[in-house]
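*Asks:* Here is a sequence with its predicted model. Questions after.
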Amino acid sequence: MEPEAPETHSLLIVEDEDHLARALRLNFELEGFEVVIASTGREAFAALARSRPFHCIVLDVTLPDMDGFDICRRLREVGDYTPVLMLTARSLTDDRVEGLESGADDYITKPFDLGELIARVRSAIRRRDWERHRQTRASSVLSFGEARIDFDSHEVSVRGEVLRLTTLELDLIRYFAQNVGRVIAREELLQKVWKLRNHPNTRTVDNFVLRLRRHFEPDETQPRYFLSVRGAGYRFVPEGEAAG
Ligand code: CA
């Protein structure tokens, strides 16, 4: 029997310095990565729209058309949580802070050691894998308020009463549970739960949240668990927020 082939990791490198981009491509390919190069922000978004998801993005901060911080921010806004490692030419603390605040997982200052960059990319991918694993395991039973939801058996009860939920309702709750406390945009929910990209109508999401409130909120007009955030989306708070 053939030994199982290790998973090939795909990498998007966004770097406008041609010689550096080529050196990175060569070295990551030698390490077994599949590499796509983009030399502008526009090319990066085109590559992201075209390919299946990348395992990691190496993102230069200074690009001809936009900066790496904005690219990272825009990715996170649309719910893309691919690990991002920023390449910054400056070692200013502000840059590092802005990098992390824009949603990057890690940063490395130019000039950098190639071996270290490769190790950091691997570690960012590994961390994301663990996180996924932990989330799926931890999310098999969810309790909040007087509700109990078992995602494995699909048994749902509120105040001891058994409820029947649709698969989509369960998927929506699961996604909320995996993102506790975070404001989630309607577009992100459509993309992650309904698997719809660039869907114009976010009303669907509102209708489903109304259904969840009807099921789980003690008073659906004063939600405590499934909260609306004006102009931004929804937030799930399992400990319940004082109605107000
Ligand atoms: Ca640059």
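*Replies:* Structure's in. What do you need?
*Asks:* Distance check, Ala242 against the ion.
*Replies:* 48 Å (C-beta to the ion, to the nearest Å). Bear in mind the C-beta positions are built from the backbone N, C-alpha and C, glycine included.
*Asks:* Also Arg126?
*Replies:* In terms of C-beta to the ion, Arg126 sits 27 Å off from the ion.
*Asks:* likewise Ile173?
*Replies:* For Ile173, the distance to the ion - C-beta to the ion - is 43 Å.
*Asks:* can you pull the pLDDT of that residue?
*Replies:* Per-residue pLDDT puts Ile173 at 95.
*Asks:* and it, how far is that from Leu210?
*Replies:* For Ile173, the distance to Leu210 equals 14 Å [C-beta to C-beta, to the nearest Å].
*Asks:* The residue nearest the centre of the chain: what's it in contact with?
*Replies:* Nearest residue to the geometric centre of the chain (C-alpha atoms, centre = their mean): Tyr81, 2.6 Å. With contact taken as C-beta atoms under 8 Å, 6 or more residues apart in numbering, Tyr81 is in contact with 75, 128.
*Asks:* following the longest helix seen in the chain, which helix or strand comes up?
*Replies:* Using DSSP state H to define each element, the chain has its longest helix at helix 114-138. As assigned by DSSP states H and E, the chain's next helix or strand after helix 114-138 is strand 141-144.
*Asks:* Can you list the strands that the helix or strand that that next one is followed by pairs with?
*Replies:* Once the chain leaves strand 141-144, the next helix or strand it forms, by DSSP H and E, is strand 147-150. Strands adjacent to strand 147-150 in the sheet, as given by DSSP bridges, are strand 141-144 (antiparallel), strand 155-158 (antiparallel).
*Asks:* picking up where we left off before, when Ile173 and Leu210 are compared, which one has more neighbours?
*Replies:* Of the pair Ile173 and Leu210, Ile173 is the one with more neighbours under other C-beta atoms under 10 Å, namely 26 against 14.
*Asks:* Please identify the residues of the chain in proximity to the ion?
*Replies:* Proximity of the chain to the ion, by C-beta under 5 Å from the ion, involves residues 16, 60, 62.
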